[in-house]
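Peer 1: sequence plus the predicted model coming up.
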Amino acid sequence: MLYIYCPHCEEHREEEEFHYGGQAHVARPKDPDACTDAEWADYLYFRKNTRGWHHELWVHAAGCRKFFNITRDTVSYEIKETYKIGEQPAISE
């Protein structure tokens, strides 16, 4: 079981209160109408599947219901940091 620190509630809670939302820091295309089908498909469906430190988007579904980011090791499940949307992570991938 993971104990996740919510940066909005400022407390650790059990994993069951949260939902994974995918990879964090995915940049939306500046001009979606100008994208090719391949570029749009790449944006919608393809994400990094890294081994090691990975930035993820989570939501505190059973608490404040706000989104935030987590830097987590995909091998050991260790959570290094949590931070609010718009903030930069201390660890880069």
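Peer 2: Good, I have the coordinates. Residues are numbered from 1 along each chain as shown.

Peer 1: quick one: the helices in the chain, in order.
Peer 2: 37-45 (DSSP state H).

Peer 1: what's the weakest-modelled helix or strand in it?
Peer 2: Sorting the helices and strands of the chain by mean pLDDT, DSSP states H and E puts helix 37-45 at the bottom, at a mean of 93.

Peer 1: now that one, how far from the chain's geometric center?
Peer 2: Relative to the chain's own centre, helix 37-45 is displaced by 19 Å; criterion: CA atoms, centre = their mean, to the nearest Å.

Peer 1: and the contacts of that helix?
Peer 2: Applying CB atoms under 8 Å, 6 or more residues apart in numbering, the set of residues contacting helix 37-45 from outside is 26, 28-29, 32, 35. Quick note: C-beta positions are derived from backbone N, CA and C, even for glycine.

Peer 1: alpha carbons of it, as CSV, please.
Peer 2: Extracted in CSV, the C-alpha atoms of helix 37-45 (Å, rounded to 0.1, in the frame of the first residue of the first chain):
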residue,chain,number,x,y,z
ASP,A,37,-3.1,12.3,-37.8
ALA,A,38,0.2,10.7,-36.7
GLU,A,39,1.1,13.7,-34.5
TRP,A,40,-2.4,13.8,-33.0
ALA,A,41,-2.3,10.0,-32.3
ASP,A,42,1.1,10.4,-30.7
TYR,A,43,-0.2,13.1,-28.4
LEU,A,44,-3.4,11.2,-27.4
TYR,A,45,-2.1,7.7,-27.0
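
Peer 1: perfect, I'm done here.
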